[in-house]
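Colleague: got a predicted structure plus its sequence, pasted below:
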Amino acid sequence: MVIVMSPGATEEQVQKVIEALVERGFDAHRSTGSTRTVIGAVGQTGRADPRDFRLLDGVADVVRISEPYKLAGRTFQSEDTRIQVAGVEIGGPEVVVMAGPCAVESQKQVHEAAAAAAAGGARILRGGAFKPRTSPYNFQGLGAEGLGFLKAAGREHGLAVVSEILDTRDVPLFVEQVDIIQVGARNMQNFALLKELSRVRKPILLKRGMSATLSELLLSAEYLMSGGNRQVILCERGIRTFETSTRNTLDLSAIPVLKSMSHLPVIVDPSHGTGLRDFVVPMARAAVAAGADGLLVEVHPHPEEALSDGAQSLPPEMFTALMVQIRVIVTAMDRTLAQPGAAVDAEA
Ligand code: PEP
Ligand code: MN
């Protein structure tokens with residue numbers, strides 16, 4: 001942290017700032033130029049609130065130099081994190097596609113969805129069993145039974161599975177039933193849930209909150225990592241802006257920016273990012289072209305019958321056509337699409 005004094009700051013004001021720094025355990029390094037004094041603070045900046053220093057008399061500005069996210073940041077780990085999950089690697093040269101329905105609705109529906117996902121070239125099956133619905137009157141998901149259907153459908157088609165957790169009490173169930181645990185946008189800052197998941201030996205797919213900055217997303221990743229879980233996949237899924245023609249505004253610039261800030265894999269969810277299937281396809285293509293390590297796409301065997309997010313779900317033929325294009329883009333990016341193979345049970 002660097003504290004920049006205003007040009008007219010007095011010696012007494014400079015001394016007050018130095019004293020305040022020393023009191024909080026920092027080493028203060030003073031440098032006096034021809035017009036102003038700058039004080040470098042060396043120490044645990046994570047424990048100090050820069051605003052406390054901005055309030056002191058004579059202070060013009062306080063600038064953080066190092067990021068508050070140490071484990072998630074590139075500064076402390078330059079090489080990319082690669083996550084192995086049930087026979088698939090995320091964050092390496094391969095682009096990994098995760099596809100499936102918004103919600104697991106029945107055994108038949110999730111099996112059909114798994115067949116469509118596998119046929120198109122997805123490696124991971126998605127499907128919500130516990131749904132975070134805005135209204136309590138909407139379909140809430142099949143719960144534990146749905147997770148069982150999802151896992152069985154995934155295994156039958158050689159796919160790993162990912163599903164969203166809502167409640168800390170369900171952690172043991174998720175550890176047993178899924179390969180990747182999803183933390184949804186609404187729970188990105190559910191710190192109790194993050195702390196609980198930090199103790200789990202399973203990859204976590206962490207979605208960006210709808211009004212979260214990238215720095216806040218990385219601090220949520222830091223909660224998981226500082227508790228011991230280094231297997232974090234970041235997911236851009238659109239943020240709320242003043243624009244109303246799409247469900248959310250898909251922030252594709254988040255991909256290169258997150259890649260520069262962090263070593264963690266970055267995937268993109270163009271389904272929640274746009275909200276309408278016609279827009280999902282071009283944004284999925286764009287995400288891969290912008291360097292995403294993977295996609296999370298909603299695919300439903302019969303979208304018109306879907307109990308949630310039918311409008312943004314791709315029917316199987318649309319997903320297959322998208323994957324043909326994704327293959328071309330992946331090649332242009334000097335990458336490959338993760339190849340089909342049997343999903344193997346990872347150790348819990
Ligand atoms: C989902 O993936 O089904 C979901 C609810 O996503 P989000 O948390 O991004 O809204
Ligand atoms: Mn959905």
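Modeller: Nice, thanks for sending it over. Quantities reported herein were computed from a predicted structural model and do not represent experimental measurements. Ligands and ions are numbered 1, 2, ... in the order given.
Colleague: just for the stretch 1-150 of the chain, where's the confidence low?
Modeller: Counting by pLDDT under 70, the low-confidence segments of the stretch 1-150 of the chain come to 45.
Colleague: ugh, wrong one, the stretch 201-348 of the chain
Modeller: The stretch 201-348 of the chain contains residues with pLDDT under 70 at 342-348.
Colleague: quick check: residues of it near ligand 2?
Modeller: The stretch 201-348 of the chain has residues D309 near ligand 2, with proximity defined as Cβ under 5 Å from the ion. Using the backbone N, CA and C atoms, a C-beta is placed for each residue, glycine as well.
Colleague: the residue in the stretch 201-348 of the chain positioned nearest to ligand 2: what's it in contact with?
Modeller: Residue nearest to ligand 2 within the stretch 201-348 of the chain: D309 (3.7 Å; Cβ to the ion). D309 makes contact with C102, A103, S271, H272, E298, according to Cβ atoms under 8 Å, 6 or more residues apart in numbering.
Colleague: gap between it and V2?
Modeller: When distance is defined by Cβ to Cβ, to the nearest Å, D309 is 47 Å away from V2.
Colleague: so the residue nearest the centre of the chain: helix, strand or coil?
Modeller: Using Cα atoms, centre = their mean, the residue of the chain that lies closest to the mean C-alpha position is L234, 2.5 Å off. With DSSP: H, G, I helix; E, B strand; the rest coil as the basis, L234 sits in strand.
Colleague: need the nearest residue in space to the closest residue to ligand 2 within the stretch 101-250 of the chain, chain neighbours excluded.
Modeller: The shortest separation between the stretch 101-250 of the chain and ligand 2 is 3.2 Å, found at C102 (distances taken as Cβ to the ion). Nearest non-adjacent residue to C102, counting by Cβ to Cβ, 6 or more residues apart in numbering: D309, 3.7 Å away.
Colleague: please apply the same query to S106.
Modeller: Going by Cβ to Cβ, 6+ apart, S106 has F149 as its nearest residue, at 7.4 Å.
Colleague: quick one: the host helix or strand of K259 near ligand 1?
Modeller: Counting by DSSP states H and E, the element that carries K259 is helix 254-261. No. Shown here: helix 254-261 not in contact with ligand 1 (Cβ under 6 Å from any ligand atom), separated by at least 13.2 Å.
Colleague: just the buried residues of that helix, please?
Modeller: Neighbour-count burial for helix 254-261, counted by 16 or more other Cβ atoms under 10 Å, picks out A254, I255, L258, K259, M261.
Colleague: elements contacting it?
Modeller: Other helices and strands packing on helix 254-261, by 3 or more Cβ pairs under 8 Å, 6 or more residues apart in numbering; DSSP states H and E, are helix 214-226, strand 232-236, strand 266-268.
Colleague: which one of those lies closest to ligand 1?
Modeller: Checking the helices and strands packed on helix 254-261 against ligand 1 by Cβ to the nearest ligand atom gives strand 232-236 as the closest, at 7.3 Å.
Colleague: quick one: contacts for E156?
Modeller: E156 makes contact with H111, A114, according to Cβ under 8 Å, 6+ apart.
Colleague: related to what we said a few turns ago, pick the one among the buried residues of helix 254-261 closest to G294.
Modeller: Ranked by distance to G294 (Cβ to Cβ), the buried residues of helix 254-261 are led by I255 at 11.0 Å.
Colleague: need phi/psi at the nearest residue to the closest one once chain neighbours are set aside.
Modeller: In space, I255 comes closest to A290 once its chain neighbours are excluded; the distance is 4.5 Å by Cβ to Cβ, 6+ apart. Geometry field for A290 lists phi and psi as phi -90, psi 0, criterion degrees, to the nearest 10.
Colleague: I figured A290 hits L258, correct?
Modeller: No. Using Cβ atoms under 8 Å, A290 and L258 do not qualify as a contacting pair, with a distance of 10.7 Å.
Colleague: tell me where the stretch 151-300 of the chain has strands.
Modeller: Using DSSP state E, counting those that start in this stretch, the strands of the stretch 151-300 of the chain run over residues 160-164, 180-183, 204-207, 232-236, 266-268, 294-298.
Colleague: alright, calling it a day.
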